[in-house]
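Participant: Have a look at this prediction, sequence included:
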Amino acid sequence: MNFIKKILYGLIKKNRHLPQEFYAKIYYEYYHGEKLDLKNPLKFNEKIQWLKVYYHLPILNQLVDKYAVRSYVKEKIGEEYLNEIYAVYDHPNQVDYDKLPEQFVLKGTHGCNMYIIVESKKGLNKNRNKLRMFKWMSKNLYYTGGQEWAYKDVKHRIIAEKYLDPKAGGLLDYKFHCFSGKAKFIQVDSVSEKVKTSTYYDLDWNKMELKQKGRNAYPGIIEQPDKLEKMIEIANKLADFHPFVRVDLYNLDGKVLFGELTFYPGDARIKYEPEAYDKMIGSYINLPKIPSGAKEIASIS
């Protein structure tokens, strides 16, 4: 993409109120430097864009909501896999720190990268935290991101949940990439390091050569977690019938906890290395057919 076109597309993509098909093509080409073929997508990122544009099941709104998803998890696998929640707030002014324990985490329920980790209430800057939460509440990921449809109608709330101590076995985020209800591989993110790393493993815990461009793999050895088979089983149950969903889990010394469900990793902007993986992973996604005469998939019969 030449310089002038890059500037033009950069300006266009700021208008998130454009029709989805048109916007997805601009957005994809801006970040990947090639045209998006929505009629015959092959690569993983192409197919994620397709799902953003056409796969509009109402349940997705619940599944990406960090509070509402809890009832789904409870029904599918049981509430013992849910982290403890202390409170739910509709407004930042409702957060009562006196009623919270010494350690906790505040999260926005309607997006990503909305969290405040409190390891100690000593010296807590409540005003700064309030400003951050007001910013969260003003954001709709559909309009502030790349038209991620599942987040468009999610209710904006804040939850206070139990702090997960990284010393308890090392806090790693296990991200199971699931396709039509079956996990294919696992992305392991180090969330307690100053520099975030992402390392990929197959289901037999063999390290893959797959990498994210611009992000390092963990330089040392990541031991296979206890109850890996159980984690795979849980991921498969939560993934259900969806063409693709990433199921994030934690494992604290053998205690498995649910993290979140993600339908659009990196908003379909992640570049994989070697590049051939984008197409290989894309082949795992079987896109459903749009009903005759319809513009989207709003239900699964």
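Facilitator: Perfect, thanks for sending it. Note that the coordinates shown come from a computational prediction; the quantities given were computed from them, not determined experimentally.

Participant: hey, let's count contacts and neighbours off CA atoms from now on
Facilitator: Noted.

Participant: Provide a list of residue ranges in this protein with pLDDT below threshold.
Facilitator: Scanning the chain for pLDDT under 70 picks out 167-170, 191-194.

Participant: can you give me the strands in the stretch 151-300 of the chain?
Facilitator: Taking DSSP state E, counting those that start in this stretch, the strands of the stretch 151-300 of the chain run over residues 158-161, 172-179, 182-190, 197-202, 211-212, 245-252, 255-262, 272-273.

Participant: which stretch among these comes nearest residue 61?
Facilitator: strand 255-262 (10.9 Å; CA to CA).

Participant: quick one, which of the strands of the stretch 151-300 of the chain is nearest to residue 141?
Facilitator: strand 255-262 (12.8 Å).

Participant: quick one: that closest one to chain centroid distance?
Facilitator: 11 Å (CA atoms, centre = their mean, to the nearest Å).

Participant: try stretch 109-128
Facilitator: Centroid displacement of stretch 109-128 relative to its chain, using CA atoms, centre = their mean, is 20 Å.

Participant: next helix or strand past whatever helix or strand residue 74 lives in?
Facilitator: According to DSSP states H and E, residue 74 maps onto helix 69-76. The C-terminal neighbour of helix 69-76 among helices and strands, as given by DSSP H and E, is strand 85-89.

Participant: and that following strand, what does it pack onto?
Facilitator: strand 158-161 (3 or more CA pairs under 8 Å, 6 or more residues apart in numbering; DSSP states H and E).

Participant: end to end, how far does stretch 276-290 reach?
Facilitator: 28 Å (CA to CA, to the nearest Å).

Participant: What are the buried residues along that stretch?
Facilitator: 277-279, 281-285, 287 (16 or more other CA atoms under 10 Å).

Participant: before we move on, what about stretch 58-67?
Facilitator: When burial is assessed from 16+ other CA under 10 Å, stretch 58-67 yields the following buried residues: 60-67.

Participant: Then stretch 80-92?
Facilitator: Buried residues in stretch 80-92, counted by 16+ other CA under 10 Å: 81-83, 88-89, 92.

Participant: how far does that stretch sit from the chain's center?
Facilitator: Relative to its chain's centre, stretch 80-92 lies at 18 Å (CA atoms, centre = their mean).

Participant: neighbours around the residue lying closest to residue 56 once chain neighbours are set aside, how many?
Facilitator: Nearest residue to residue 56, sequence neighbours excluded (CA to CA, 6 or more residues apart in numbering): residue 298, at 5.1 Å. For residue 298, the neighbour count with other CA atoms under 10 Å is 15.

Participant: ditto for residue 115
Facilitator: Neighbours around residue 115, by other CA under 10 Å: 19.

Participant: ok, back up a step: name the residues that touch the helix holding residue 74?
Facilitator: 62-63, 79-82, 237-238 (CA atoms under 8 Å, 6 or more residues apart in numbering).

Participant: Let me know the closest of these to residue 181.
Facilitator: Closest to residue 181, out of all of the contacts of helix 69-76 and judged by CA to CA, is residue 237, at 6.9 Å.

Participant: Could you dump the strands of the stretch 151-300 of the chain into CSV with distance to residue 222 and mean neighbour count added?
Facilitator: Shown next, in CSV, are those (distance: least, CA to CA, whole Å; neighbours: other CA atoms under 10 Å):
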stretch, distance to residue 222, mean neighbour count
strand 158-161, 27, 22
strand 172-179, 9, 24
strand 182-190, 9, 21
strand 197-202, 9, 20
strand 211-212, 15, 19
strand 245-252, 13, 23
strand 255-262, 17, 19
strand 272-273, 20, 16
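
Participant: would you turn these into JSON lines with distance to residue 43?
Facilitator: Below are the strands of the stretch 151-300 of the chain laid out as JSON lines (distance: least, CA to CA, whole Å):
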{"stretch": "strand 158-161", "distance to residue 43": "35"}
{"stretch": "strand 172-179", "distance to residue 43": "14"}
{"stretch": "strand 182-190", "distance to residue 43": "16"}
{"stretch": "strand 197-202", "distance to residue 43": "18"}
{"stretch": "strand 211-212", "distance to residue 43": "15"}
{"stretch": "strand 245-252", "distance to residue 43": "16"}
{"stretch": "strand 255-262", "distance to residue 43": "18"}
{"stretch": "strand 272-273", "distance to residue 43": "11"}
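
Participant: The stretch 1-150 of the chain: helices as residue ranges?
Facilitator: Ranges of helices within the stretch 1-150 of the chain are 3-12, 20-32, 44-54, 59-63, 69-76, 126-137, 141-144, based on DSSP state H, counting those that start in this stretch.

Participant: The longest one packs against which elements?
Facilitator: When you say that, I think you mean helix 20-32. helix 3-12, helix 44-54.
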